[in-house]
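Asks: Just a sequence and a predicted model for now, questions to come.
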Amino acid sequence: MMVLKVIRSSGRIRSKGVRMASSLSVGELKGETVGVCVSGGLDSRTVTSRLKDAGATVMGFCADLDQPDEENIMDVKDKMAPCGVETFIVDLKEDMANIAFEVIKSQARYDGGYWNTTGMARAVTVRGLLGEMERQGCTVLSHGATGRGNDQIRFERYTNVLNPGMKVYAPWRDATLIKQFPGRRQMADYLLSKGIEAEVGAKKRYSTDANLAGLSHEAEDLEYLTTSSRIVTPTMTCWPEDAPDSIEKCSVVFEKGLCVAINGKDVDPLSAMRLANEIGGRNALGMANAMENRVIGTKSRGVYEAPGMDLLGYCLSQVYQTVLDKRSTELFLQMSRFVANQIYDGRYFDPSTRAALAAIDVLASRASGVVDVSLYKGTVFIDSISQVPHSIYVEEFASMEADEADQDGLNPTSAQGFVEVQKCEALALAKAGHIQARRKIIED
């Protein structure tokens, strides 16, 4: 089971002295060493500069998650340099690929059946950046999540469970900063006053968060349900009309629920995700629209891209259908949904999540085989499922044709007893008046 290593502060974890609420204000940060999670954008530079003004020692930290919308992640350093801070780029590409593989193995889709790649990335990001912040002597982690969404919960809960001694500062819940910077114009003016180049830029129709596993598009125009999802310009995939007019064949090999080869080429998690993204993306796989239930209780609308997750996830689902019996399937689906909810809620490292993943490992231990598919304009067609040593699909048992030579298969006459057992229950329900043959659809 690929569970990311939990970072613990030195010595035994003690509850004494642990801050129980993230209520820090900018005025309390003087003398602290603050690690700011940065992207190089207007918000990151504004918060970084403001914390320096408050007397804090500030460093920037950015996660390299193989973001497809970043031409060069190292550019973040150059963007942050005018603020007078050192920025550390932490390579987390393999960690991102590993959690993507674990989610695919778990078939853990969230509300509306989409791959919650942002929730996955937060577990990887906080775990990875915390380690580097500890090495650099940081005492406070600062994140840029708003007070309206899920990420504030994820950043802070992961910090709390992985390093209880680390304080957390949420600038966009700090009344002082909210008052000082009510909009992007004020941020730009503040930076310009300090000699730091800044532009507000044209208003975007939606915001995007990206990583190796997928992209999330939300906010702005997408907040209106009357706005078409097709205002999104795909980055990892494409709309069906832009996909090739011919079928593309693809072959995927799985061992114990993990992809080990694509089109005859051996792959590790990182190379598999990159290749699956390319293949799925050019064939318009992985676009989804969802009205999800946020952690804080509100609804949120998003448009999501995850072509590689969709391709590998669908192919693996066919292997599961071949090897899992009815009750194992029911248990798997329960664990799958539980894991999806846990990741969404910022609880990837919780004991209950690890227990569910361990159960899934048991069920996935027989999920080995080869799946051949045809891809065409956003649709996956199964060509064959083969080399599945633990398949419980037996053609002779499933056949509707009688085979006198087969003594081990299902004898049609043997079904009589089963039918009669079912008949007893059916008659009892009917005679007791429990059966309603017709139901009113519309009340008078």
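Replies: Okay, I see it.
Asks: hey, let's count contacts and neighbours off CA atoms from now on
Replies: OK.
Asks: Point to the residue nearest the middle of this protein.
Replies: Thr117 (2.5 Å; Cα atoms, centre = their mean).
Asks: so how far is Glu102 from it?
Replies: Counting by Cα to Cα, to the nearest Å, the separation of Thr117 from Glu102 is 12 Å.
Asks: Name the spans of the stretch 101-250 of the chain whose pLDDT lies under the cut-off.
Replies: 112 (pLDDT under 70).
Asks: Spatially nearest residue to Thr227, not counting backbone neighbours?
Replies: Asp221 (6.6 Å; Cα to Cα, 6 or more residues apart in numbering).
Asks: coming back round to it: and the residue nearest to the centre of the chain, what does it touch?
Replies: With contacts defined as Cα atoms under 8 Å, 6 or more residues apart in numbering, Thr117 is in contact with Ala100, Asn211, Ala213, Gly214, Leu215, Ser216, Ala306.
Asks: what about the residue nearest to Thr227, which SS state?
Replies: For Asp221, the assignment made with DSSP: H, G, I helix; E, B strand; the rest coil gives helix.
Asks: How many neighbouring residues does it have?
Replies: 16 (other Cα atoms under 10 Å).
Asks: isn't it right next to Ser228, touching?
Replies: No - with contact defined as Cα atoms under 8 Å, Asp221 does not reach Ser228; the gap is 9.1 Å.
Asks: For this structure, just list every one of the strands.
Replies: Secondary structure of the chain by DSSP state E: the strands cover 33-37, 57-64, 87-91, 140-142, 167-169, 207-211, 214-218, 248-255, 258-262, 265-266, 287-293, 299-305, 369-376, 379-386.
Asks: Can you tell me which of these is most buried?
Replies: With neighbours taken as mean count of other Cα atoms under 10 Å, the strands of the chain reach their highest mean count in strand 33-37, at a mean of 26.
Asks: Leu311 against Ala284, yeah?
Replies: No - Leu311 lies out of contact with Ala284 (Cα under 8 Å); the separation is 10.4 Å.
Asks: Please name the bridge partners of the nearest residue to Gln387 once chain neighbours are set aside.
Replies: Leaving aside its sequence neighbours, Gln387 sits nearest to Gly369 (Cα to Cα, 6+ apart; 5.0 Å). Gly369 forms beta bridges with Phe254, as assigned by DSSP bridges.
Asks: Pull the contacting residues for Gly369.
Replies: Contacts of Gly369 (Cα under 8 Å, 6+ apart): Val253, Phe254, Glu255, Val319, Ile385, Ser386, Gln387, Val388, Pro389.
Asks: who does the fifth one bridge with?
Replies: Each beta-bridge partner of Ile385 is listed here: Val371, as defined by DSSP bridges.
Asks: any idea how far Tyr158 is from it?
Replies: 40 Å.
Asks: And the fourth one, by the same measure?
Replies: Applying Cα to Cα, the value for Val319 to Tyr158 is 33 Å.
Asks: now swap in the first one and tell me
Replies: When Cα to Cα is the yardstick, Val253 and Tyr158 sit 34 Å from each other.
Asks: Ok, the second one next?
Replies: Distance, Phe254 to Tyr158, by Cα to Cα: 31 Å.
Asks: Kindly tell me how buried the closest residue to Arg173 other than its chain neighbours is, as a neighbour count.
Replies: Leaving out its chain neighbours, the residue that sits closest to Arg173 by Cα to Cα, 6+ apart is Gly147, at 5.7 Å. Using other Cα under 10 Å, Gly147 has 15 neighbouring residues.
Asks: Then Glu32?
Replies: Glu32 - counted by other Cα under 10 Å - has 18 other residues nearby.
Asks: Nearest residue to it in space, please, no chain neighbours.
Replies: Residue nearest to Glu32 in three dimensions, not counting chain neighbours: Ala56, with 5.2 Å by Cα to Cα, 6+ apart.
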